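Visitor: Following is a predicted model, sequence given first.
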Amino acid sequence: MRDNHEGMPELLAVYERDGNYFGVVAVTIGPECRHIEFGIPLQSYQPLRRILQSRPFDHLPGLRYRYFIAHSVSRVPDTELARLDIRIEQGSSGRQFPFDVPFTLAANLLWFCELKDFKAASHLRTVESENHAG
């Protein structure tokens with residue numbers, strides 16, 4: 001298990017817009033970082049929102065939580081779920097936590113971990129950090 005988030009895409013936001021659901025992930029490849037918006041079904045919106053609302057450490061004013069997609073996933077037996085590890089950090093505290101999410105959401109999030117260049121994600125919309133609600 002890593003003790004930092006190096007090389008892990010960061011989950012930034014999940015929201016509803018005009019009856020559709022979206023997530024935003026920050027992906028860094030080389031010196032470039034892009035915030036990529038991707039569409040998700042309601043069944044993925046709810047668990048992604050649960051992840052981004054997790055607050056496993058003591059509440060420390062002024063220190064925000066950050067969520068990173070670890071490169072670890074396994075199937076939950078006899079379900080359509082996957083157990084996805086998310087590294088949660090607040091200040092100097094950080095640890096990986098397992099979350100049960102739809103298998104399709106886990107596969108989509110792991111895809112961001114495997115990107116080698118942004119050309120593969122050219123069909124997805126890039127957004128400015130202030131353009132999404134969290």
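Guide: Received the coordinates, thanks.
Visitor: alpha carbons only for contacts and neighbour counts from here, please
Guide: OK.
Visitor: what residue is smack in the middle of this structure?
Guide: In the chain, the residue lying closest to the centroid (Cα atoms, centre = their mean) is residue 11, at 3.1 Å.
Visitor: I figured that residue hits residue 24, correct?
Guide: Yes: assessed by Cα atoms under 8 Å, residue 11 is found in contact with residue 24 at 6.3 Å.
Visitor: Tell me how far the residue nearest to the centre of the chain lies from residue 37.
Guide: Note on residue 11: its distance to residue 37, by Cα to Cα, to the nearest Å, is 10 Å.
Visitor: Need the residues touching each of those two.
Guide: Contact criterion Cα atoms under 8 Å, 6 or more residues apart in numbering; residues bridging residue 11 and residue 37 by contacting each: 23, 24, 25.
Visitor: Dump those residues into JSON lines; add distance to residue 98 as well.
Guide: JSON lines is the format used below for the shared contacts of residue 11 and residue 37 (distance: Cα to Cα, whole Å):
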{"residue": "23", "distance to residue 98": "19"}
{"residue": "24", "distance to residue 98": "20"}
{"residue": "25", "distance to residue 98": "18"}
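Visitor: Identify the residues contacting residue 74.
Guide: 82, 83, 84.
Visitor: How far does the helix or strand where the second one lies sit from its chain's centre?
Guide: Right, the one you point to is residue 83. Taking DSSP states H and E as the definition, residue 83 sits inside strand 81-90. When distances are taken as Cα atoms, centre = their mean, to the nearest Å, strand 81-90 is centred 8 Å away from the chain's centroid.
Visitor: Pull up the pairing partners for that strand, direction included.
Guide: Strand 81-90 sits in its sheet next to strand 65-75 (antiparallel), strand 93-102 (antiparallel), going by DSSP bridges.
Visitor: can you pull the alpha-carbon coordinates of the first one into PDB?
Guide: Just to be clear, that refers to strand 65-75. C-alpha atoms of strand 65-75 as PDB (Å, rounded to 0.1, in the frame of the first residue of the first chain):
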ATOM      1  CA  TYR A  65     -10.300  16.300   2.200                       C
ATOM      2  CA  ARG A  66      -8.900  14.900  -1.100                       C
ATOM      3  CA  TYR A  67      -9.900  11.600  -2.700                       C
ATOM      4  CA  PHE A  68      -7.700   9.600  -5.000                       C
ATOM      5  CA  ILE A  69      -8.400   6.500  -7.100                       C
ATOM      6  CA  ALA A  70      -6.000   3.800  -5.900                       C
ATOM      7  CA  HIS A  71      -5.100   1.200  -8.400                       C
ATOM      8  CA  SER A  72      -6.800  -1.600  -6.400                       C
ATOM      9  CA  VAL A  73     -10.200  -3.200  -7.100                       C
ATOM     10  CA  SER A  74     -11.800  -6.600  -6.500                       C
ATOM     11  CA  ARG A  75     -15.100  -8.100  -7.200                       C
END
